[in-house]
Each structure stands twice: as C-alpha cells, then as structure tokens.
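>>> sequence unknown, structure follows:
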C-alpha cells in the first residue's frame, strides 16, 4: 500500500518474473490482457509479394488518419490526435489509400532512450478491407523496413483480438510473453 491508498491492481509482463512473482503473492485474481510478440527466427522466408504502396502519413493528413482510426477501432479521437501527431512527426505512421480513401495504417514506433534496437509495429485495417491478408502484408513490409534499418520488430495485441493474432502470426511472429492484469 502507498500514500495514495491501497494498491488495487497491476499490469505486469511475464517477461518480468520478479514483479510477476510479487503480484502473484499480492493479488487473488488475474487474467491475460494482451499477448506480446517477437519475430520467429525460424520463420519461413516468404516468397516476394507485391508490395503495397505505403507512404508516410503527412501532417496535413492527420485529421483524416484520426477519423479513420477512430471509426475502425473505436479509440478516442482526442487521444489518437496526439498519438498520431507524434508518429507523423517521427515519420513512423504509414498509410494505404484506395481511390483517395485511407483504408489501412501501419506504424513502426522506435524507442528513443531504451531498447533502441527494437521497433513496435502495429496495423489498423478498415472493416470493409479485413480478411484478405492486408494486415499481414503491412506487417511484413514494416518488418522489412525495420530490418533494413537494423531494427528488430515486436508487437502486441489484446487477448480477444483473434483476427489480429492470426495476421501477426502469419507475418512471422510468435507470442512469447503475456501482459497479465491483476486485481483484488
């Protein structure tokens, strides 16, 4: 317990065994919240596939990107605006457009101070374009981009997002750790 009151919950990665042990001793209930992925070194080399045109999203496209993501995943437009503005400033947000309409985004977030050899990749695909392998293609392109820049790709998704899990695994990742949510 702390000055702010009793601790009622925690999120912990299975990659942190000491903290995980403390939480197992302290809390009576827990559940898997997210899966954390890393590239499988034994992954099959994928045959070359037609690359998607995936330019970086420009600052003047921020509003459209925020509207797209808010509609596609239901996230707060206010939060997305700041998050995407940062990715755009760092040239870490990419878009796929069809007939002038944004239909997917891919991101590759580098780390400034820690874990500088990694980039966290993510993808959002519009509802009407899901189920045709686009997410897997985007992830593979982001992995190739990161490898060309000397970075190792990692990613994560919620335990309940089975479609994302399939796309991530098809792109050559495996779930190496979990984020566990503890509560009293």
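Ah, there it is. Fair warning: this is a prediction, and the values are worked out from it, not measured in the lab.
>>> Output the below-cut-off pLDDT ranges for the chain.
For the chain, the stretches flagged by pLDDT under 70 are 1-3, 43-48.
>>> Quick check: phi and psi at the most centrally placed residue in it.
Residue closest to the average C-alpha location in the chain (Cα atoms, centre = their mean): residue 122, at 3.4 Å. Reported as degrees, to the nearest 10, the phi and psi values for residue 122 are phi -150, psi 160.
>>> what do you get for residue 40?
Given degrees, to the nearest 10, the pair of backbone angles that residue 40 has is phi -80, psi 120.
>>> Count residues in the vicinity of the nearest residue to it once chain neighbours are set aside, would you?
Nearest residue to residue 40 in three dimensions, chain neighbours excluded: residue 174, at 4.8 Å (Cβ to Cβ, 6 or more residues apart in numbering). Backbone N, C-alpha and C define where each C-beta goes, glycine included. Using other Cβ atoms under 10 Å, residue 174 is surrounded by 14 other residues.
>>> Which of the three states applies to the residue nearest to residue 151 when sequence neighbours are not counted?
The shortest distance from residue 151 to any non-neighbouring residue, by Cβ to Cβ, 6+ apart, is to residue 119 (4.4 Å). Three-state call for residue 119 (DSSP: H, G, I helix; E, B strand; the rest coil): strand.
>>> So residue 119 is in contact with residue 154, correct?
Yes - taking contacts as Cβ atoms under 8 Å, residue 119 lies within contact range of residue 154: 7.4 Å.
>>> Which of those two has more residues huddled nearby?
A direct count of neighbours by other Cβ under 10 Å for residue 119 and residue 154 places residue 119 higher, at 24 against 19.
>>> what comes up buried for stretch 64-74?
65-66, 68-70, 72 (16 or more other Cβ atoms under 10 Å).
>>> could you say which helix or strand contains the residue nearest to residue 40?
Counting by DSSP states H and E, the element that carries residue 174 is strand 173-183.
>>> quick one: buried residues of that strand?
173, 175, 177-182.
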